[in-house]
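Undergrad: fold the following, please.
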Amino acid sequence: MTVKKLAILSTHPIQYHSAWFRKMSSLSGLSIEVFFCHNATATEQAKAGFGVEFDWDVSLLDGYSYRFLENVAKPPGIAGFKGLDTPEIKQIVERERFDAVMINGWHYKSAWQAMRACWNTQTPVMVRSDSHLHTERTSLKRGAKWPFYRWFISKLDACLPVGKWSSDYFLHYGARPDRVFVVPHSVDTDYFANEAQRLESERPSLRANWGLETSTKVLVFAAKFIAKKRPLDFVNAIREARSRGANIEGLMVGDGPLREACEQAVRAADLPIRFAGFLNQSEIARAYVAADALVLPSNGGETWGLVVNEAMACGLPCFVSDRVGCGPDMIRPGQTGNVFPMGDTVALGRLVAEFARDSTDMKSMRVNASEQAEKFKVSVAVDRTVEALEWVAK
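TA: Residues are numbered from 1 along each chain as shown. You can find the predicted model right below:
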């Protein structure tokens with residue numbers, strides 16, 4: 001069997017990509033090499049909205065071949081288009097003659113350097129993106145994008161959206177339907193499911209550690225405390241649910257510039273919401289086990305919302321706004337969670353109050369959420385990537 005050579009270009013090591021890369025690397029008919037444009041520092045992570053300096057406490061680089069490209073940007077960084085400038089990718093593509101190059105996104109200069117190198121050498125290029133048409137954009141900006149996006153997306157050998165809305169995005173900008181392969185956003189569902197099972201007996205002590213009652217229903221918010229995530233909507237929804245008589249508490253996981261405003265709102269309304277601070281990858285399952293459901297109230301800048309994958313893998317139903325990218329793919333209303341109008345905290349409060357009162361429905365939703373998470377396993381993303389590669393490299 002001929003071994004296919006796949007190059008992958010990524011901005012920097014990302015916790016949600018490492019299991020995907022490792023699984024692909026384990027396949028006998030596939031040889032991959034990942035090219036990173038930058039190695040983000042702990043300080044850069046904080047500036048990206050996490051609010052605290054940190055390094056991930058699980059390995060993001062084990063189990064697959066990779067190298068860091070020389071980033072000549074001044075200053076280098078992941079925040080803007082010009083912060084990733086790696087001209088050597090041109091020579092690498094020319095020299096190594098890959099069967100295809102997969103590029104994660106196109107919002108950085110290195111992506112365009114790689115695409116141009118592929119077009120010049122007639123190397124098939126695949127681009128993965130989670131962009132969707134529900135992100136807030138002015139009509140002027142949409143109009144300016146139209147001719148350019150129609151041009152370059154039609155030139156791609158394969159488009160790899162992560163779900164329904166991102167598929168619609170590619171098609172809107174001229175992708176041929178036979179060149180669209182959904183490679184879903186995925187997490188290591190086995191890890192989270194196993195962690196949830198292992199920690200279940202510790203649920204009372206986990207709650208006690210955060211000052212949560214054992215008899216209440218707990219909603220968790222797990223995200224950066226930034227405007228896009230709308231953390232104050234979570235606070236206001238808890239207040240609304242309690243005004244309807246719901247025996248409910250909140251747990252807010254994360255940090256960022258809006259944390260102080262959330263704490264002030266909680267104090268002013270005397271709400272039973274606890275703040276866990278930033279939890280690293282090896283710790284986050286503890287928050288999911290302590291909770292009964294997850295809420296993600298983000299605006300349209302939330303192109304997916306991978307905390308939903310994590311929470312569902314731990315058996316949590318999820319409530320997401322109608323601008324969250326994963327909604328059409330992961331939320332089956334009344335079965336795996338629910339969708340509410342972004343910013344409508346009254347509607348969200350009503351939904352979670354009803355959820356908190358119906359224990360029978362809650363149990364079935366937990367089962368459904370776990371089953372839904374299995375449809376977004378890493379192995380599914382790998383299979384779809386290989387399918388796209390075989391199509392472009394035939």
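
Undergrad: wasn't Leu279 part of a strand?
TA: No - under the criterion used here (DSSP: H, G, I helix; E, B strand; the rest coil), Leu279 is coil, not part of a strand.

Undergrad: what is the neighbour count of the spatially closest residue to it that is not a sequence neighbour?
TA: Counting by C-beta to C-beta, 6 or more residues apart in numbering, Leu279 lies nearest to Val253, which is 5.4 Å off, once chain neighbours are set aside. All C-beta spots, glycine's among them, are computed from the backbone N, C-alpha and C. Counted with other C-beta atoms under 10 Å, the burial measure for Val253 works out to 25 neighbours.

Undergrad: also the one 10 residues further on?
TA: For Glu263, the number of neighbouring residues by other C-beta under 10 Å comes to 15.

Undergrad: and the gap between it and Leu232?
TA: 11 Å (C-beta to C-beta, to the nearest Å).

Undergrad: isn't Ala73 up against Ala79?
TA: No - with contact defined as C-beta atoms under 8 Å, Ala73 does not count as touching Ala79 (10.8 Å).

Undergrad: mind checking which of those two has more residues around it?
TA: More crowded of Ala73 and Ala79, by other C-beta under 10 Å: Ala73, with 18 against 13.

Undergrad: ranges for the strands of the protein?
TA: 4-10, 30-36, 66-68, 100-104, 125-129, 158-161, 217-222, 248-253, 273-277, 293-296, 318-321, 337-340 (DSSP state E).

Undergrad: note down every partner strand of the third one and its orientation.
TA: This means strand 66-68. Its sheet considered, strand 66-68 pairs with strand 30-36 (parallel) by DSSP bridges.

Undergrad: helices of the stretch 51-200 of the chain, residue ranges please.
TA: Taking DSSP state H, counting those that start in this stretch as the criterion, the stretch 51-200 of the chain carries its helices at 88-96, 109-121, 139-155, 164-172, 189-199.

Undergrad: the fourth one - contacts with which helices or strands?
TA: In other words, helix 164-172. Secondary-structure packing of helix 164-172 (3 or more C-beta pairs under 8 Å, 6 or more residues apart in numbering; DSSP states H and E): strand 125-129, strand 158-161, helix 327-330.

Undergrad: if we use 6 Å, what do you get?
TA: Other helices and strands packing on helix 164-172, by 3 or more C-beta pairs under 6 Å, 6 or more residues apart in numbering; DSSP states H and E, are strand 158-161.

Undergrad: show me what counts as buried in the strand it packs on.
TA: In terms of neighbour count (16 or more other C-beta atoms under 10 Å), strand 158-161 has its buried residues at 158-161.

Undergrad: from those residues, which is closest to Tyr66?
TA: Distance to Tyr66, by C-beta to C-beta, is smallest for Leu160 among the buried residues of strand 158-161, at 19.4 Å.

Undergrad: so what's that closest one up against?
TA: 126, 128, 181, 183 (C-beta atoms under 6 Å, 6 or more residues apart in numbering).

Undergrad: tally of neighbours for the nearest residue to it once chain neighbours are set aside?
TA: Leaving aside its sequence neighbours, Leu160 sits nearest to Arg128 (C-beta to C-beta, 6+ apart; 3.8 Å). Applying other C-beta under 10 Å, we find 23 residues neighbouring Arg128.

Undergrad: my guess is Trp304 contacts Gly327. True?
TA: No - Trp304 lies out of contact with Gly327 (C-beta atoms under 6 Å); the separation is 9.6 Å.
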